[in-house]
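Colleague: Quick one, what's the 3D model for this:
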Amino acid sequence: MTIAILSALPEEQAGWVDTLQGVHGTRHAGRQFWQGRWQGADTGHDLVCALSGIGKVAAATTAAALIERFGVTRIVFTGVAGGVGEGVQVGDVVVASEYLQHDFDASPLFPRWELPGYGRTRLACDPVMSAALHAASQDCVGSAARAHQGLVVSGDQFVGTALASQALRSGLEAAGHPVLAVEMEGAAVAQTCHDYGVPFAAMRTISDRADDSASVDFADFVRNVASRYAQQILTGFLQRL
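Modeller: As a prediction, this is how the structure comes out:
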């Protein structure tokens, strides 16, 4: 079993490559991929670490390369997101149980948000991997924050105003999609993994509330908190697999 650790930005995965044994890099499809062996106290895993860059197309391209070129059999995404759900605060962690593309709209040919050819609006994450991520997240945040699990949505836009955040949340919830967090990559990776039959899971540390201070909160949080959370949670996740 080869597991891919995927993130959009370097800060979201900072220091993780340094934990690998026998690490070597490969340049492919415009991305840098790092392969090595992670060894925990009781278990070890072959890993491939990669950065997709920002956005759904970049994320899907990288996920496909991980599967086709490097033969990964599991993908886990780690990064940050804007919290939009009730009670989802900065410093919390959200583990995705399902994904939806909030900017996808092929109506009137198909219902809004439905993926043509799939007959659904949401794509589920792997329940076993997600449970391990959630347990690791609970251990990491302790009593200082909360670890949530539920619907995360992705789109090719940075949601950075209170008005846009409220519109996103109210529209989705009115249609029966109670969203917890918004970001820009995960739904595309979920769709790619669905097509290839590769189990996928994702965790997002909440960097902002997707409101008018989001751009300021995001930059500071990614630099100072995201990488530490990612290392601790991913370590706990790998130990549980």
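Colleague: Tell me who's in contact with the closest residue in space to residue 241 that isn't next to it in sequence.
Modeller: Nearest non-adjacent residue to residue 241, counting by CB to CB, 6 or more residues apart in numbering: residue 132, 6.0 Å away. All C-beta spots, glycine's among them, are computed from the backbone N, C-alpha and C. Applying CB atoms under 8 Å, 6 or more residues apart in numbering to residue 132 gives the contacts 201, 236, 237, 240, 241.
Colleague: so residue 48 bridges to which residues?
Modeller: As for beta bridges, residue 48 partners with residue 4, residue 35 under DSSP bridges.
Colleague: Quick one, grab the pLDDT at it.
Modeller: Residue 48 carries a pLDDT value of 98.
Colleague: Heading C-terminal from the helix or strand bottoming out on mean pLDDT in the chain, find the next helix or strand.
Modeller: Least confident helix or strand of the chain, by mean pLDDT, DSSP states H and E, is helix 214-221 with a mean of 64. Helices and strands here follow DSSP states H and E; after helix 214-221, the next one along the chain is helix 227-240.
Colleague: Report the backbone C-alpha coordinates of that following helix in CSV.
Modeller: Extracted in CSV, the C-alpha atoms of helix 227-240 (Å, rounded to 0.1, in the frame of the first residue of the first chain):
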residue,chain,number,x,y,z
SER,A,227,1.9,22.8,9.1
ARG,A,228,2.1,21.9,12.8
TYR,A,229,-1.5,20.6,12.8
ALA,A,230,-0.8,18.6,9.6
GLN,A,231,2.2,16.9,11.0
GLN,A,232,0.5,15.8,14.3
ILE,A,233,-2.7,14.7,12.7
LEU,A,234,-1.1,12.8,9.8
THR,A,235,1.2,11.0,12.2
GLY,A,236,-1.8,9.9,14.3
PHE,A,237,-3.6,8.9,11.1
LEU,A,238,-0.8,6.8,9.7
GLN,A,239,-0.3,5.0,13.1
ARG,A,240,-4.0,4.1,13.0
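Colleague: Give the other helices and strands that it contacts.
Modeller: Counting contacts by 3 or more CB pairs under 8 Å, 6 or more residues apart in numbering; DSSP states H and E, helix 227-240 is packed against strand 2-7, strand 74-83, helix 127-141, strand 200-208.
Colleague: contacting residues around residue 126?
Modeller: 74, 199, 200, 201.
Colleague: what's the closest residue to it other than its chain neighbours in contact with, if anything?
Modeller: Using CB to CB, 6+ apart and skipping the chain neighbours, the partner closest in space to residue 126 is residue 199 (3.7 Å). Residues in contact with residue 199 (CB under 8 Å, 6+ apart) are 73, 74, 75, 126, 128, 129, 193.
Colleague: what does residue 173 give?
Modeller: residue 179.
Colleague: orientation of the host helix or strand of it relative to strand 200-208 in degrees?
Modeller: Using DSSP H and E, the element containing residue 173 is helix 162-174. If you take axes from the mean of the first three to the mean of the last three CA atoms, to 10 degrees, helix 162-174 sits at 140 degrees to strand 200-208.
Colleague: ok, back up a step: turn the contacts of residue 132 into CSV, columns for pLDDT.
Modeller: Below are the contacts of residue 132 laid out as CSV (pLDDT from 0 to 100):
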residue, pLDDT
201, 98
236, 94
237, 95
240, 92
241, 87
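Colleague: Report the separation between the nearest residue to residue 112 once chain neighbours are set aside and residue 111.
Modeller: In space, and not counting its chain neighbours, residue 112 is closest to residue 105: 5.2 Å by CB to CB, 6+ apart. Shown here: residue 105 relative to residue 111, a distance of 9 Å by CB to CB, to the nearest Å.
Colleague: Over to residue 136?
Modeller: In terms of CB to CB, residue 136 sits 36 Å off from residue 111.
Colleague: which one of these two has more residues nearby?
Modeller: The neighbour count for residue 136 versus residue 111, taken as other CB atoms under 10 Å, is higher for residue 136 (23 against 11).
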